[in-house]
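Trainee: 3D model of this:
(one chain, ligands or ions: 3)
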Amino acid sequence: MLTGLPNRLHFSKYLSEWMEQPAEPGLSAAVLFLDLDRFKQINDTFGHSAGDELIIDVAKKLSGGVRYAPVFRLGGDEFVVLASHRRREEVVETAEAILAALSEPVILQGQEIFVRSSIGISIFPGDAQDAEALLKNADDAMYEAKERGGGQYAFYSEATSESAAERLQLEQALHRALAAGEFELFYQPQYGGTDGRINGMEALIRWKHPAEGYIPPVRFIPLAEQTGEIRSIGEWVLREACLQGKRLQEHAPGLLTAVNLSPRQLDQPDLVERVRAILQETGMPAGLLELEITEEFFIRNQDKAEAALRQFKEMGIRLAIDDFGTGYSSFAQMKRIMPDTLKIDRSFIRGLDQDESNASIVQALITMAHSLKLKVVGEGVETEEELLSLRRFGCDEIQGYYYSKPLPLAELEALLKGAPSAASSDEDREERRGDS
Ligand code: C2E
Ligand code: CA
Ligand code: CA
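Mentor: Residues are numbered from 1 along each chain as shown. Ligands and ions are numbered 1, 2, ... in the order given. Now for the predicted structure:
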C-alpha cells in the first residue's frame, strides 16, 4: 500500500511464470533480497512517519534505478529485485548499483541521514527450483551480508559454502586472540635509496595461533574487517608500534614508524581522538608516525575519510598511500589530501629491470610524485637489479626482501644497534640481508 509495489504473493506468481517461460532461452534469474541496515533504529529515532518516508524513498530508487528488473516489497523494510541475466557479473553489477543508489543520503524531517542496506542473492536454477526456496536462500545470504558488517551483498552459494564452518571457527579464535596476547608485530625496515641507511620501518601484524601456528594477515585481516574486530586490533597495533617506535629512537634517532590503517578504522567516529591519546600515552612524536591507507580505499572513500585524514595531517602525522599504482587514481585526486608518501605496489617493482612498460610507469610515477614533493617508497624489492633500477629513477626509500624481511622486534633492534649511522657499503647490506 505504502509504496504501490507488488507484494510477496505477486512475487511468487511472477517468478513461477518466469520459470515456466523465460523471456529468452538461456536466461537465469537472480533473486536479490534487500533489507535496510538498522531500520528499526531509524524508526525508533525519527518516528514511524519518517520510517515510512524512507521506505517510499527506497522504493522509488529501486524502481527507478534497476532497469527491466521488477521490484517487490515483501513487507517492512524488505524488498526483492528479480534480475534476469546471463552472466554472474551482471548480477554483481546490479547489486552494486542498488547499494550505490541506496547509499545516497536521504533527507528525513529536515535532517540528512545515511542509510545502508544488505543484499542476499540466490540464483535460479543453480540454488533452488521454486520461489519459496529461492527466497529463503536469498534471505540466508542477506543475513550473511549483515554479519559481515552490512552495506554489502552476499551470494547464497558462497554464504553456505563448506568453509563457513571453518570461518566460524577462525572467527571465534580471532575474537579471543587479542585478549590472549596472540598478536605480535614484526617490523620491516625501509632503507634510503641512495645511502642504504635504515630510515623507517613498517609494522606488520602476525597472529600466533596456539594450534595452527603463524596465520598470515591476508587470512585474518579481511575477517577482522568483516566482524569489526579490526578496530580493537588496529588500536593495539598502533599503540604497540608507537611504543616500540619511540623506544627505538635511542638507537636510531628520527626513525619513522609506519602503521597500516584499515578502512573500518577510518569509519570509527573517535579514531582521531584515539590516535591522539596513543601518541600522548607513548610519547611518540607525531612527525615520526606514518599512517598507511591503500590507494583503493582512498579513491573510493575520499569524502568519508577526508575529515579524519585532514586532522591527522594537522596533528603532524604523515600519510602514505599504500599499494599505489593498482587503483588508477589521479594525482589531481591525491592533491585534496596531500599525502607525504607514495608506496609503489610490488606488482610494478617485479622484474623492473626487464619489463620496459613497468619501468616507464615507475619512472613516470616517481617523477610526478617528486614534482608534488612526495616521498616514494618502492615496495617488495627482491633483487639487486630491481634496486638498481629504482635507484636510477631516484626512488627515495626501498622496502623488500632484498634488504630484509619483516623482523621480530629483537632482531630489528640488533640491526639498528649494529647499523652504522653513516652510509654503509654494499657488503654491509649483503651481510645484513643474510642475517635476516
Ligand atoms: P602491505 O601493507 O602491502 O604490506 C607489505 C607486505 O608485503 C607484507 O606482507 C610484507 O611482508 C610483504 N613484503 C615485503 N617485502 C616483500 C618482498 O620483497 N617480496 C614479497 N613477495 N613480499 C614482500 P604481510 O606482512 O603478509 O602483510 C600483508 C598485508 O596485510 C599488508 O600488506 C597489509 O595490507 C595487511 N596488514 C599487515 N599488518 C597489518 C596491520 O597491522 N593492520 C592492517 N590493517 N593491515 C595489516
Ligand atoms: Ca602497508
Ligand atoms: Ca603495500
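
Trainee: didn't residue 204 look like it was pressed against residue 187?
Mentor: Yes: between residue 204 and residue 187 there is a contact at 7.3 Å, judged by Cβ atoms under 8 Å. No exception for glycine: its C-beta is placed from N, CA and C like everyone else's.

Trainee: how about stretch 294-306, does it reach ligand 3?
Mentor: No: using Cβ under 5 Å from the ion, stretch 294-306 stays clear of ligand 3, coming no nearer than 7.3 Å.

Trainee: Whichever strand in the chain runs longest - what's its average pLDDT?
Mentor: For the chain, the strand that runs over the most residues, judged by DSSP state E, is strand 198-209. For strand 198-209, the mean pLDDT works out to 96.

Trainee: Residue 338: what's it in contact with?
Mentor: 313, 319, 372 (Cβ atoms under 8 Å, 6 or more residues apart in numbering).

Trainee: Check what pLDDT it gets.
Mentor: So residue 338 comes in at 85 (pLDDT).

Trainee: which SS state does it fall under?
Mentor: For residue 338, the assignment made with DSSP: H, G, I helix; E, B strand; the rest coil gives coil.

Trainee: mind saving the C-alpha coords of stretch 354-368 as CSV?
Mentor: Taking Å, rounded to 0.1, in the frame of the first residue of the first chain, the C-alpha atoms of stretch 354-368 are listed here in CSV:
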residue,chain,number,x,y,z
GLN,A,354,63.4,-6.4,-17.6
ASP,A,355,59.9,-5.2,-18.1
GLU,A,356,60.0,-2.0,-20.1
SER,A,357,56.5,-0.9,-19.5
ASN,A,358,56.8,-1.3,-15.8
ALA,A,359,60.0,0.6,-15.9
SER,A,360,58.4,3.6,-17.7
ILE,A,361,55.4,3.6,-15.4
VAL,A,362,57.6,3.6,-12.3
GLN,A,363,59.8,6.2,-13.7
ALA,A,364,56.9,8.5,-14.5
LEU,A,365,55.3,7.9,-11.1
ILE,A,366,58.5,8.9,-9.3
THR,A,367,58.9,12.0,-11.4
MET,A,368,55.3,13.1,-10.8
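
Trainee: mind listing what's buried in that stretch?
Mentor: 358, 359, 362, 363, 365, 366 (16 or more other Cβ atoms under 10 Å).

Trainee: now it, how far from the chain's geometric center?
Mentor: The chain centroid and the centroid of stretch 354-368 are separated by 26 Å under Cα atoms, centre = their mean, to the nearest Å.

Trainee: Then stretch 31-51?
Mentor: Using Cα atoms, centre = their mean, the offset of stretch 31-51 from its chain centre is 26 Å.

Trainee: Scan the contacts of residue 338 and report the most crowded one.
Mentor: residue 319 (19 neighbours; other Cβ atoms under 10 Å).

Trainee: looking at this, that one is in a strand?
Mentor: Yes: the assignment for residue 319 is a strand, going by three-state DSSP.

Trainee: quick one: pLDDT of it?
Mentor: Looking at residue 319, the pLDDT reads 96.

Trainee: And it, how far from ligand 3?
Mentor: In this view, residue 319 and ligand 3 are 14 Å apart by Cβ to the ion, to the nearest Å.

Trainee: List the contacts of that residue.
Mentor: 290, 291, 293, 309, 312, 313, 337, 338, 339, 340, 341.

Trainee: so the fifth one makes contact with residue 293?
Mentor: Pointing back at residue 312 there. No: taking contacts as Cβ under 8 Å, residue 312 lies outside contact range of residue 293: 10.1 Å.

Trainee: Neighbours of the nearest residue to residue 306 once chain neighbours are set aside, how many?
Mentor: Closest residue to residue 306 apart from its sequence neighbours, by Cβ to Cβ, 6 or more residues apart in numbering: residue 337 at 6.1 Å. The tally of other residues near residue 337 (other Cβ under 10 Å) stands at 19.

Trainee: what's the spacing between the closest residue to residue 287 other than its chain neighbours and ligand 1?
Mentor: Spatial nearest neighbour of residue 287, chain neighbours left out: residue 316 (4.9 Å); criterion: Cβ to Cβ, 6+ apart. Distance of residue 316 to ligand 1, computed by Cβ to the nearest ligand atom, to the nearest Å: 21 Å.

Trainee: What parts of the stretch 301-436 of the chain come near ligand 3?
Mentor: 322, 323.

Trainee: hang on, the earlier thing: so which of the contacts of residue 338 would count as near ligand 1 as well?
Mentor: Among the contacts of residue 338, proximity to ligand 1 is found for none (Cβ under 6 Å from any ligand atom).

Trainee: Closest to ligand 2 out of those residues?
Mentor: residue 319 (12.2 Å; Cβ to the ion).

Trainee: show me what contacts the residue nearest to the closest one when sequence neighbours are not counted?
Mentor: Closest residue to residue 319 apart from its sequence neighbours, by Cβ to Cβ, 6+ apart: residue 339 at 4.4 Å. Applying Cβ under 8 Å, 6+ apart to residue 339 gives the contacts 319, 320, 321, 374.

Trainee: For the most centrally placed residue in the chain, report the pLDDT, please.
Mentor: With distances taken as Cα atoms, centre = their mean, the residue of the chain nearest its centroid is residue 263 (4.9 Å). pLDDT, residue 263: 86.

Trainee: Residue 235: neighbour count?
Mentor: 18.

Trainee: name the element it belongs to?
Mentor: helix 230-247 (DSSP states H and E).

Trainee: Contacts made by that helix with the rest, please.
Mentor: Under Cβ under 8 Å, 6+ apart, the answer for helix 230-247 is 178, 183, 185, 187, 201, 203, 205, 221, 224, 255-257, 259-262, 264-265, 268, 274-275, 278-279, 281-285, 288-289, 409.

Trainee: Point out the ones among those residues that are inside helices.
Mentor: 221, 224, 264, 265, 274, 275, 278, 279, 281, 282, 409 (DSSP state H).

Trainee: In this structure, what helix or strand scores lowest on average pLDDT?
Mentor: The helix or strand of the chain with the lowest confidence, counting by mean pLDDT, DSSP states H and E, is helix 426-435 at a mean of 44.
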